[in-house]
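Asker: quick one, fold the following:
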Amino acid sequence: MSLLQGTLSLRRFLVLGPVPTEADLQEGLRQDAFRPFEDGLEEERLGWCDWRNLLITPPDQDWVGQDRFAIFGLRIDSRKVPGALLKAQVELRLQSLQKDKDLAFVGKEARISLADEVKAELLLKVLPTPKISEVAWDLKGGMLWTTASSTKVQSALIGLFIKSFGCELQPLAPLLLAGRLLPSVPVESLMGLDPFDLTLETA
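Answerer: All right, here's what the predicted structure looks like:
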């Protein structure tokens, strides 16, 4: 995990809402723990896992609490059947159906149903691609750090976080951070600040 080794790129969020008790925190992690794919056409699954090992679900309670922090992981698995393979398989199945039933034509609804059936069969054979983003929640400071870098993963994190814990995540933009560090300065004054030019002029 990147929290323990390698390079680290973090995004910061402000946590808005009441801090959950330890029991509520564990219940949220258990309720929305990652669960593997089942039958059907689902191509993406997400849920909480242990930050040290994505196969540990729900996160190990003894390792979630680290002093004032709650540390866990967001696991997102995706699976997809290549379009060319799906098309080829459907065509073969259509030809077989027409031959067995002595049909000159297969209607649109039957084609869609057949395509869904073939896709569901192929999805069961596709190995999912897992992605994990670590989360470190400062329960006392109301701040959250995460390795989720893409907009899509951050959106998934925000959505699942409010579902599990009833708290909103707000990206910690520079203006918001300045307001937290300088609560006595009016927001209007902060918004009126111009960037400081550090360009060195030479004669």
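Asker: for L103, which non-adjacent residue is closest in space?
Answerer: Nearest residue to L103, sequence neighbours excluded (Cβ to Cβ, 6 or more residues apart in numbering): L97, at 6.8 Å. Backbone N, C-alpha and C define where each C-beta goes, glycine included.
Asker: please apply the same query to D77.
Answerer: Leaving aside its sequence neighbours, D77 sits nearest to P128 (Cβ to Cβ, 6+ apart; 4.1 Å).
Asker: wait, what's in contact with the closest residue to T57 other than its chain neighbours?
Answerer: Computed as Cβ to Cβ, 6+ apart, the closest residue to T57 that is not its neighbour in sequence is A33, at 4.3 Å. Going by Cβ atoms under 8 Å, 6 or more residues apart in numbering, A33 touches 47-49, 57-59.
Asker: in CSV: those residues, plus distance to E168 and neighbour count.
Answerer: As requested, the contacts of A33 are arranged in CSV below (distance: Cβ to Cβ, whole Å; neighbours: other Cβ atoms under 10 Å):
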residue, distance to E168, neighbour count
G47, 19, 20
W48, 17, 24
C49, 22, 23
T57, 24, 19
P58, 22, 20
P59, 21, 24
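Asker: inside strands: which ones of the residues you listed?
Answerer: 47-49 (DSSP state E).
Asker: need those residues in CSV (columns: distance to E117).
Answerer: Output for those, formatted as CSV (distance: Cβ to Cβ, whole Å):
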residue, distance to E117
G47, 27
W48, 33
C49, 32
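Asker: L169: which of those is nearest?
Answerer: W48 (14.5 Å; Cβ to Cβ).
Asker: any idea of the pLDDT on the closest residue to the closest one other than its chain neighbours?
Answerer: Using Cβ to Cβ, 6+ apart and skipping the chain neighbours, the partner closest in space to W48 is L29 (4.8 Å). Looking at L29, its pLDDT reads 98.
Asker: from memory A70 sits against W137, does it?
Answerer: Yes - counting by Cβ atoms under 8 Å, A70 touches W137, with 4.5 Å between them.
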